[in-house]
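K.L.:
give me a model of this one.
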Amino acid sequence: SRIGKRRYAASCEVCRRRKRRCDGREENGESLCKFCPQAGIQWVFPRSSEASRLESVSAAADASHAFIEQLASAGDDDRERMLMEWTKQRDEGELSKPVVSTKTRRKIVKKEEVEQEKLEEVDDVPEVRTFLYFGFFSSLHRLAQSLLRLRPSLVSLTELQTRAALLQDALNRLLAVVANSFSEFRTPTLQESQMMMDSYLCWQNPRYEVICRPAFESSLHSSDPTFCNDFLLWCICSQASRHIPEMRDRLHEFAVPRAHLLLAVELSRPSAITTVQDLLLISGHNAAEGLYSQAWVMAGYAFRMIEDLGWARPNHSSEDQSEQLRTAELCTYWAAYTWDKTLSLSLAKKPTMRPKDKPPLPSAVDDGATFWKPFYSPVQSTEFTTMPYSGAQPSFEMTCFRYSCSLYQFLDEVLEHVYSIKESRLLQARDFVLSLRDRMIAWQAQVPVQILLDADNLPPVSPPAHVIQFNLLVHTIWILLYRPFAQTGSLAVPYAATACRKPAQDIAACLRLFKNSFPVARSTYLFVYAALCSATIDNGRRYQRESEPEAEKARERLETTLPILAHGIRSRIPGTPKMFGALMQMLESANALQQQQQP
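P.N.:
A predicted model of the protein is given here:
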C-alpha cells in the first residue's frame, strides 16, 4: 500500500472544490499546498468537525449561562413568563440544537428508517389491528361468527348450543352446591326486597344511573336476562341495605356473600351489560366499606369489559340493535365514566377512562312528567318526621344525568391540566383556565333552570337529592379550577381567591337546603368533598384580615359543612379521613400563625 496516503479531508478549500491533489499542511500548521502559491491564492483550510462541534456546544453553553443569569435577576412573574416562553420555543423546535457528527446523524437516520419500516409492516395487517382494538374476546366471537357464516361445516350451530348448555348446567350445579352453605341465612322477604329496591331507585341510582331504569323494569317483569339477572339483584340489595336500618345488621348475612359468590360465576361468562353494571355496584359497595383497592380493581374490570364490548366505537350501533339496548349501553358507559372520575378524585389516582372518542351522551327524555319523593323505611319514617317534604317534585333524573356527564368531562380536564403540573409552572395553565372558564359559562347558560339552582334565591324545599349533587359538582369544579392559584398567590390568575369565595358560599347554601329537607345520612362522597372545598375556603377567610361580619358568615358556613365531613368519617366514605386530616392540619397552621401575630 502507498505510504502517506493523502486524505481528502486534509485538502485546502480551493483544492477541495477543484478536486485537485493537495498535500495539506504540516503539523506546525504550515501549508504544503503547491497550487495556491502558483495561482496567487491565499490558502484556507476548513475547520475540523471537532472544532465545529466545540464551537456549537460553546455557543449553547454561553446562551444557557446568559439565560440563567436573566432568570436569577428577574422577579417571580418575569421568571414564570421567561420559563413559559422557553418551554414554548422548545416544544416548537425553535431552540438551536447542538451540531452532531455526520456518523452520528447517519445512525439516527438509519434508526428512524428501521422504525418506519416496522410501522409499515404493522399497517399491512389491518385485520389484526382491528381485532386488537375491539378486545381479545370480542375478536374471537366475531371470528367464530364469520366462520359459521362462511363454512357452516366447520362448527355447527347445534354443537355450539350444546356446549353452552353444558357450561350453563355445570354453573347451575355449582351454584346449587354453594347455595346450600347459605341455607342457614334467611332470604329477604318480598316486602324487604321491595323496600331495598325502592330505596336504591330513589336515592342511589339517580346519582350515577348505573341501572337504566326503563330497561331494567321491563326485563324484571318479563324475566329477560338481558338487563336483569340474579347477580344484579343481589348487588342492588348490597348497595341499598347499607342505608336501611332494618336491613343493615343483616348486610353481611346474605346480600354481600351471595353477590361475591355470583361474581365468580358471572366472570366466567362472556361480557354483557349486566356484568358491567354488577361490577360498578360492587365497586361502589367496596368503596363505601373502606375496601379501596378492591373497589379500584372491580371498577377496572368494568372499564375493560366496556372496551371489550366496544361501546365507545362511533359505528357501534347497528340496524338490528334495539333502541332500548343502545340507551342502556350509553347509560352504563357514562355511569362508568362518572364513577371513574369520582373514584379517582377520592383516591387521588389518575383516571382510567380517558378515551379520545366518546359515544354520544344519553338522551334527556321528558322526565319532567315523572315525580320524585324521598323514600324512607318504617324505622326511618319515625326518625325523620321533622324533615318537611310535602308532596312530590318533578324528577328530571335523565336530564340531570346528561348534564352531569358534561360536568365530569370538565372535571377530567381540570385534573389533567391543572393538578398534573408542578406549582412552579402554573402560569402555563393560565390559558387553559381562561378557556375553560369561558366554556363553562357558555355551558351553564344552556343548562335548564329546573336543575341549575340560583344559590341566592333557593326554593324553600329542597329539590331531589341528585339535583343537589349536580349543583354541588358545578361549584366544586369552579373551586378546583382556581384553588391552586389562590393557595400559591400566583399572579397568573390574580382574581383566583375572589373566584373561589362565591362557589364556597353556594356550596354551603345548597348543603343547608339539603340538611333542612333530608337526613345527613343520605350524603354521598361528592357532598363530603364539596363540603371540604367550601370549608377550606371559609377557614382561610376566618384567619385573614376580614371584617367581623364576613368572618361571622364564614363561621356559620363552617357550622353547615363540618357535620357533613363528620358524617363522611363515620360512614367511611372514600378519602374522607385524608380530607379531614388535611383540614385539621390547615386549622393548626392557621391557629399557630394567628398566635404569632397577636401582641
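K.L.:
is it true that P362 touches R402?
P.N.:
Yes: taking contacts as CB atoms under 8 Å, P362 lies within contact range of R402: 5.7 Å. For the C-beta atoms, the positions are set from N, CA and C on the backbone; glycine is no exception.
K.L.:
residues in contact with the spatially closest residue to P378 that is not a sequence neighbour?
P.N.:
Of all residues not flanking P378 in the chain, E246 sits nearest, at 7.3 Å (CB to CB, 6 or more residues apart in numbering). Contacts were defined as CB atoms under 8 Å, 6 or more residues apart in numbering; by that measure E246 touches 192, 195, 377-379.
K.L.:
show the buried residues in those residues.
P.N.:
Using 16 or more other CB atoms under 10 Å as the burial test, these include 192, 195, 377 as buried.
K.L.:
W203: which of the residues you listed is nearest?
P.N.:
S377 (11.5 Å; CB to CB).
K.L.:
ok, the closest one to F518 distance?
P.N.:
Counting by CB to CB, to the nearest Å, the gap from S377 to F518 is 14 Å.
K.L.:
worst-scoring helix or strand of the protein, pLDDT-wise?
P.N.:
helix 126-133 (a mean of 37; mean pLDDT, DSSP states H and E).
K.L.:
so K349: helix, strand or coil?
P.N.:
Three-state assignment for K349 (DSSP: H, G, I helix; E, B strand; the rest coil): coil.
K.L.:
same question but for F375, I mixed them up
P.N.:
Going by three-state DSSP: F375 is coil.
K.L.:
so it touches Y200, yeah?
P.N.:
No: using CB under 8 Å, F375 makes no contact with Y200, being 9.2 Å away.
K.L.:
so who does the residue nearest to P206 when sequence neighbours are not counted touch?
P.N.:
In this structure, P206 finds its nearest non-sequential neighbour in H466, 4.0 Å apart by CB to CB, 6+ apart. For H466, the contact set (CB under 8 Å, 6+ apart) comprises 206-207, 397, 400-401.
K.L.:
neighbour-wise, which of these leads?
P.N.:
The most neighbours of any of the contacts of H466, using other CB atoms under 10 Å, belong to C400, which has 27 neighbours.
K.L.:
now do the contacts for that residue.
P.N.:
206, 451, 464, 466-467, 470.
K.L.:
walking through this protein, point out its strands one by one.
P.N.:
371-372, 393-394 (DSSP state E).
K.L.:
and these, which is most packed in?
P.N.:
strand 393-394 (a mean of 18; mean count of other CB atoms under 10 Å).
K.L.:
go ahead and name everything in contact with that strand.
P.N.:
367-373, 450, 461, 463-464.
K.L.:
tabulate these (TSV), appending pLDDT.
P.N.:
Converted to TSV, the contacts of strand 393-394 look like this (pLDDT from 0 to 100):
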residue	pLDDT
D367	64
G368	65
A369	74
T370	86
F371	90
W372	92
K373	90
Q450	91
V461	87
P463	92
P464	93
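K.L.:
columns distance to L347 on top of these, output as JSON lines?
P.N.:
Shown next, in JSON lines, are the contacts of strand 393-394 (distance: CB to CB, whole Å):
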{"residue": "D367", "distance to L347": "32"}
{"residue": "G368", "distance to L347": "36"}
{"residue": "A369", "distance to L347": "39"}
{"residue": "T370", "distance to L347": "34"}
{"residue": "F371", "distance to L347": "36"}
{"residue": "W372", "distance to L347": "30"}
{"residue": "K373", "distance to L347": "34"}
{"residue": "Q450", "distance to L347": "33"}
{"residue": "V461", "distance to L347": "35"}
{"residue": "P463", "distance to L347": "30"}
{"residue": "P464", "distance to L347": "28"}
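K.L.:
and which of those residues is nearest M298?
P.N.:
Lowest distance from M298 to those (CB to CB) belongs to P464, with 27.6 Å.
K.L.:
nearest spatial neighbour of the closest one, chain-adjacent residues omitted?
P.N.:
Spatially, and ignoring its direct neighbours in sequence, P464 is nearest to W372 (4.3 Å; CB to CB, 6+ apart).
K.L.:
am I right that that neighbour is in contact with S462?
P.N.:
No: W372 is beyond contact range of S462, at 11.0 Å (criterion: CB under 8 Å).
K.L.:
list the buried residues in stretch 213-231.
P.N.:
Buried residues in stretch 213-231 (16+ other CB under 10 Å): 213, 215-216, 219, 226-229, 231.
K.L.:
pLDDT on it, on average?
P.N.:
Averaged over stretch 213-231, pLDDT sits at 89.
K.L.:
hang on, the earlier thing: make TSV out of the contacts of H466 and add pLDDT.
P.N.:
Shown next, in TSV, are the contacts of H466 (pLDDT from 0 to 100):
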residue	pLDDT
P206	93
R207	91
E397	92
C400	94
F401	95
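K.L.:
pLDDT at the residue nearest to P378, what is it?
P.N.:
What the model reports as pLDDT for E246 is 85.
K.L.:
over to the one 4 residues further on?
P.N.:
Note on R250: pLDDT of 71.
K.L.:
quick one: it from T332, how far?
P.N.:
Taking CB to CB, one finds R250 at 29 Å from T332.
K.L.:
more neighbours: which of these two?
P.N.:
It is T332, of R250 and T332, that has more neighbours when counted by other CB under 10 Å, with 26 against 14.
K.L.:
hmm, V210 and that one touching each other?
P.N.:
Yes: contact criterion CB under 8 Å: T332 and V210 qualify, at 6.8 Å.
K.L.:
between those two, what contacts are shared?
P.N.:
What both T332 and V210 touch, as defined by CB under 8 Å, 6+ apart, is the set 277, 280.
K.L.:
skipping adjacent residues, who's closest to R402 in space?
P.N.:
Distances taken as CB to CB, 6+ apart place A364 nearest to R402, at 4.5 Å, with adjacent residues excluded.
K.L.:
list of residues touching stretch 494-502?
P.N.:
478-479, 481-486, 490, 493, 537, 541.
K.L.:
hang on, the earlier thing: the residue nearest to R402: what's it in contact with?
P.N.:
A364 touches 398-399, 402-403, counting by CB under 8 Å, 6+ apart.
K.L.:
same question, E192
P.N.:
Contacts of E192 by CB under 8 Å, 6+ apart are 246-247.
K.L.:
give me the distance between it and I211.
P.N.:
Shown here: E192 relative to I211, a distance of 19 Å by CB to CB.
K.L.:
now swap in W372 and tell me
P.N.:
Taking CB to CB, one finds W372 at 16 Å from I211.
K.L.:
once you drop chain neighbours, what's closest to E413?
P.N.:
Here the residue nearest E413, using CB to CB, 6+ apart, is L436, at 6.3 Å.
K.L.:
same question for F375.
P.N.:
F375's closest residue in space is C202 (CB to CB, 6+ apart), at 4.0 Å.
K.L.:
return the distance of the one you found relative to K373.
P.N.:
Computed as CB to CB, the C202 to K373 distance reads 8 Å.
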